[in-house]
Every structure is written in structure tokens, then in C-alpha cells.
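> Take a look and give me a structure for this.
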Amino acid sequence: RGGRASREEVGRVGSLDQLYGEPWADKVERIRRASPHGRRSGWALVPLLSKANDDVRQEVFVMQLLRLLERAFPAPLWLRPYAILSTG
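Residues are numbered from 1 along each chain as shown. As a prediction, this is how the structure comes out:
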């Protein structure tokens with residue numbers, strides 16, 4: 001299923017952090033402290049997904065739809081929209 005957890009799996013485990021490991025905010029702080037550039041203004045840890053030889057139009061549409069749904073429905077809606085940058 002591409003690394004996604006069902007609500008049932010999360011319910012059995014207790015939380016996504018328990019299922020997938022270190023929470024993102026904790027990971028960012030750990031890497032910031034270890035980085036020689038972590039104290040610079042503007043420093044950020046950015047998750048990245050790289051795809052090659054792929055048409056990203058469908059992904060762009062789905063991310064636009066997720067952002068719309070995220071605004072329309074209150075939490076806890078388990079959506080994580082991300083930015084897409086087409087380079088080709």
C-alpha cells in the first residue's frame with residue numbers, strides 16, 4: 001500500500017509515530033542540532049520525493065484537491081499535501 005497505514009493499523013498501534021518511528025518535529029530538531037548550518041536563519045529540513053520520466057499532472061491535481069479538502073473539513077483529517085516542482 002505504498003507505506004500508508006490504515007486507521008485500523010494506527011488504532012492497534014496507538015499513533016502514527018509509534019507505527020512509523022520518530023515524529024517529524026523531533027527529527028527536524030535532532031538534525032538541526034547536528035547540522036553545522038542549523039543555527040543559520042532560514043535553515044529548514046525539507047522532505048523530498050524525486051520521480052523520473054513521469055507526468056506529474058495527476059499528482060498536481062490530487063494535491064490541489066487535498067489542499068481544498070484540508071480547508072473544508074476539520075481535523076483530524078489525515079491529509080498531508082506537499083509541494084510539487086516539475087523540472088522537465
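> where does Lys27 land in three-state SS?
Three-state call for Lys27 (DSSP: H, G, I helix; E, B strand; the rest coil): helix.
> Looks like it contacts Leu45 (just checking).
Yes: if you go by CB atoms under 8 Å, Lys27 and Leu45 touch, sitting 7.4 Å apart. All C-beta atoms are positioned from the backbone trio N, CA, C, and that covers glycine.
> the bottom helix or strand of this structure by mean pLDDT?
helix 7-13 (a mean of 61; mean pLDDT, DSSP states H and E).
> average pLDDT for the lengthiest helix in the chain?
Ranked by residue count under DSSP state H, the longest helix found in the chain is helix 57-72. For helix 57-72, mean pLDDT is 83.
> can you pull the buried residues of that helix?
Met63 (16 or more other CB atoms under 10 Å).
> Could you export it as CSV, CA atoms only?
Written as CSV, here are the backbone C-alpha positions of helix 57-72 (Å, rounded to 0.1, in the frame of the first residue of the first chain):
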residue,chain,number,x,y,z
ARG,A,57,-0.2,16.5,-13.9
GLN,A,58,-2.3,13.9,-11.9
GLU,A,59,-0.2,14.5,-8.8
VAL,A,60,-0.7,18.2,-9.1
PHE,A,61,-4.4,17.8,-9.4
VAL,A,62,-4.6,15.5,-6.4
MET,A,63,-2.5,17.9,-4.2
GLN,A,64,-4.8,20.7,-5.2
LEU,A,65,-7.8,18.6,-4.2
LEU,A,66,-6.2,17.6,-0.9
ARG,A,67,-5.5,21.2,0.0
LEU,A,68,-9.1,22.0,-0.7
LEU,A,69,-10.4,19.1,1.4
GLU,A,70,-7.9,20.1,4.2
ARG,A,71,-9.5,23.5,4.4
ALA,A,72,-13.1,22.2,4.1
